[in-house]
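S.K.: have a look; sequence and predicted model below, questions after that.
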Amino acid sequence: MTVRCDTIVIPAGLVPASRVNPQCLILYGAPKVGKTTAAAALPDSLILELEPAGADFLSARKIDVPDIDTLLAVLNNLIVLRDAKTPACRRLVIDTVDQLEVLAKSAAFAKYKKSVLGSTSKATDLFELDMGQGYGRLRDEVGELLWLCCKAADEIVLLAHCRDKFIERKGQQEVSAQDIDLTGKVRALVCSRVSSIGYVRRDFTGTLYVNFGKKADDIVICESRCFHLSGKEIVLGELAKDGKLVFHWERIYKPLPDAPAPGAQPTGAPAP
């Protein structure tokens, strides 16, 4: 049987890249290392603060999100604004994706209890469901929330905490590696959805580094699909001479080609 579809165009040559900067970025590190402080300085951003009192000591463009209903209401509002070509922000910061998983767990369990199967269940927690089906429901719920986040803004930043993960080296010994603190299948889902994973650390001078794959003494899980980040460790924040913190987000989000100024003549157009 022959199937014809006139809307599909087979490219004759290479298709150029359509993106330079990370569309979805994970920054993870130890608690209080400076992730939220750095996010507060990210240009054209909005922080959804899911951690209780997580940004109370910072001046930032932020919304406190105490529960799943508030999160869904905020995301739906942001999506409506973006669809109307009047986006509230270019970059949406989720602080933290660890807490997003907590909210997703309660939402997934509430949906289960409303279902025909769950209405007669004696389970009191999502992870009590038979045959580990609770983990699958959690993964699906996190996936839906991430999809909504990506519809709400052009670029997404997920802040996360880290945990120690023990792995074998050369099949003989275990070493401690820094990994994102999420449930196994949820972690795999989140990492598959993002384009860059950066490990955040701070040295004794207060300088804030983000590792996107540069080899170091400590083993960290990090990498990027962006050519200007892959295999590098960048300085994101540092103390200036006056003692104030200065952040260099332009090292992660490269300036896009300048758009013509309002009223400017297009290239090649005759002058008035």
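M.R.: Now that the structure is in, tell me what you want to look at.
S.K.: how about Thr183, phi and psi?
M.R.: Torsion angles at Thr183 (phi, psi; degrees, to the nearest 10) stand at phi -60, psi 150.
S.K.: how close does it sit to Ile68?
M.R.: If you measure Thr183 against Ile68 using CB to CB, to the nearest Å, the figure is 17 Å. No exception for glycine: its C-beta is placed from N, CA and C like everyone else's.
S.K.: then Asp130?
M.R.: Applying CB to CB to Asp130 and Ile68 gives a distance of 24 Å.
S.K.: quick one, which of the two is more surrounded?
M.R.: Neighbours were counted for Asp130 and for Ile68 using other CB atoms under 10 Å; Ile68 has more, 20 against 8.
S.K.: three-state assignment of Val20?
M.R.: Counting by DSSP: H, G, I helix; E, B strand; the rest coil, the backbone at Val20 sits in coil.
S.K.: what is the neighbour count of it?
M.R.: Neighbourhood size, Val20 [other CB under 10 Å]: 13.
S.K.: could you find the closest non-adjacent residue to it?
M.R.: Lys254 (5.5 Å; CB to CB, 6 or more residues apart in numbering).
S.K.: hmm, that neighbour is touching His228, no?
M.R.: Yes. Lys254 lies in contact with His228 (CB atoms under 8 Å); the separation is 6.1 Å.
S.K.: got any residues that touch both of those two?
M.R.: When contacts are counted by CB atoms under 8 Å, 6 or more residues apart in numbering, the set common to Lys254 and His228 consists of Val20.
S.K.: which positions in stretch 102-120 come out as buried?
M.R.: Leu103, Ala104, Lys105, Ala107, Ala108, Phe109, Tyr112 (16 or more other CB atoms under 10 Å).
S.K.: what about the first one, which SS state?
M.R.: Three-state assignment for Leu103 (three-state DSSP): helix.
S.K.: any idea how far it is from Asn76?
M.R.: From Leu103 over to Asn76 (counting by CB to CB), the distance is 15 Å.
S.K.: kindly report the same for the third one.
M.R.: According to CB to CB, Lys105 stands 21 Å off from Asn76.
S.K.: now swap in Ala107 and tell me
M.R.: Ala107 is 14 Å from Asn76, where distance means CB to CB.
S.K.: can you pull the contacts of the residue nearest to Val20?
M.R.: Val20, Asn21, His228.
S.K.: so Phe144: helix, strand or coil?
M.R.: Check again: residue 144 is Glu, not Phe. At Glu144 the chain is in helix, as set by three-state DSSP.
S.K.: what's the helix or strand hosting Thr37 packed up against?
M.R.: Using DSSP states H and E, Thr37 sits within helix 35-40. Contacts defined by 3 or more CB pairs under 8 Å, 6 or more residues apart in numbering; DSSP states H and E place helix 35-40 against strand 24-29, strand 45-49, strand 91-95, strand 155-169, strand 233-239.
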